[in-house]
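Trainee: Build the 3D model from these lines:
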Amino acid sequence: MSDQKNSDPIQMHPDEDSVFRIHTAAMREMEEPRDGISPTPVSYIITCFLYLLCGGFYMGYYGGTWKGDGLAERPIGGPAVVAPPQDPMKLGREIFNSCMQCHQESGLGVPGSYPPLAGSEYVLGDKRRLAAILMNGINGDFVVKGQTYNSKMPSWAMLEDEEIAAVATYVRNTWGNRADTMPIDLVKSVRKEVDGKGEWKSATLAEFAATAPPAAAVPPPGAPKK
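Mentor: Numbering: from 1, shown residues only. Presented below is the predicted three-dimensional model:
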């Protein structure tokens, strides 16, 4: 009789059975993660391969010459790429944006500090002198339209010849000013003249303007053209 009782399975109340199953599931979910090795998904390997294939094709097709100057506008040792000339008034307006803090958008300057460009004899007068001012800047007392100014204008020699010619053309034809354009060739020649002279004073600028520019060498008749 006792053997029969020991062999019978443990009988649980239905409520106890449900509680046991709930706790068993919760304990299974709370197990600590373990280190291990799992196989890399095949889809991941295929995706990486496709990315490498596309990247290699792109670099090979668009790599050019694979040289440092491959994407340069003027490749080393090759012919220079000459950009078409820009509209000097449009280009000059863009460059003048850096000058408006002193000379103002109206071109009237700041009384007592920065001279006006509208109607200025320095703007409408000698183009060679104007290019020299843009190249080397000017400092100290100088008279514009009968009024004395004492301020410093920095050099703009870092600009290209075309840019200096454009901004000079712009100020000579804005705010009621009417004058001919500033030739790029004149800017090039003035750059060579004023190189190393430093910023202008009123006296040194007047001396420069009074001197005739160096005459271009004229080749003898029959000499080959360069």
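Trainee: quick one: average pLDDT of the host helix or strand of residue 44?
Mentor: Using DSSP states H and E, residue 44 falls within helix 42-62. Mean pLDDT, computed over helix 42-62, is 86.
Trainee: any idea which helix or strand comes after it?
Mentor: Going down the chain from helix 42-62, the next helix or strand is helix 88-96, by DSSP H and E.
Trainee: Can you tell me what sits against the following helix or strand past that following helix?
Mentor: Scanning forward in sequence from helix 88-96 by DSSP H and E, the next helix or strand is helix 100-103. For helix 100-103, contacts defined as CB atoms under 8 Å, 6 or more residues apart in numbering pick out 109-110, 113-117, 151, 153. (Each C-beta comes from the backbone N, C-alpha and C, glycine too.)
Trainee: 6 Å instead?
Mentor: Contact with helix 100-103 is made by 109, 114, 117, as judged by CB atoms under 6 Å, 6 or more residues apart in numbering.
Trainee: One more: stretch 139-150?
Mentor: Contacts of stretch 139-150 (CB under 6 Å, 6+ apart): 115, 120, 152, 199, 201-202.
Trainee: which residues of the protein fall in helices?
Mentor: Along the chain, counting by DSSP state H, helices occupy 2-7, 14-29, 42-62, 88-96, 100-103, 121-124, 127-136, 161-171, 184-194, 202-210.
Trainee: Turn those into TSV, including mean neighbour count.
Mentor: Putting these into TSV (neighbours: other CB atoms under 10 Å) gives the following:
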stretch	mean neighbour count
helix 2-7	6
helix 14-29	9
helix 42-62	10
helix 88-96	17
helix 100-103	15
helix 121-124	18
helix 127-136	22
helix 161-171	23
helix 184-194	17
helix 202-210	14
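Trainee: Quickly, which of these bottoms out on average pLDDT?
Mentor: Among these, helix 2-7 carries the lowest mean pLDDT, a mean of 49.
Trainee: do you know how far the residue nearest to residue 99 when sequence neighbours are not counted is from residue 123?
Mentor: The spatial neighbour of residue 99 that comes closest, neighbours along the chain excluded (CB to CB, 6 or more residues apart in numbering), is residue 167 at 7.5 Å. Taking CB to CB, to the nearest Å as the measure, residue 167 falls 11 Å from residue 123.
Trainee: One more: residue 53?
Mentor: 63 Å.
Trainee: residues in contact with the closest residue to residue 181 other than its chain neighbours?
Mentor: Distances taken as CB to CB, 6+ apart place residue 169 nearest to residue 181, at 4.4 Å, with adjacent residues excluded. Contacts for residue 169 (CB under 6 Å, 6+ apart) come out as 88, 92, 181-182.
Trainee: Closest to residue 159 out of those residues?
Mentor: Nearest to residue 159 among the contacts of residue 169 is residue 92, at 10.9 Å by CB to CB.
Trainee: In this model residue 168 seems to touch the closest one, though I could be wrong.
Mentor: No - with contact defined as CB atoms under 6 Å, residue 92 does not reach residue 168; the gap is 7.4 Å.
Trainee: still on that earlier bit, tell me the one among the contacts of stretch 139-150 nearest to residue 62.
Mentor: Of the contacts of stretch 139-150, the one sitting nearest to residue 62 (CB to CB) turns out to be residue 199, at 47.7 Å.
Trainee: Cheers, nothing more for now.
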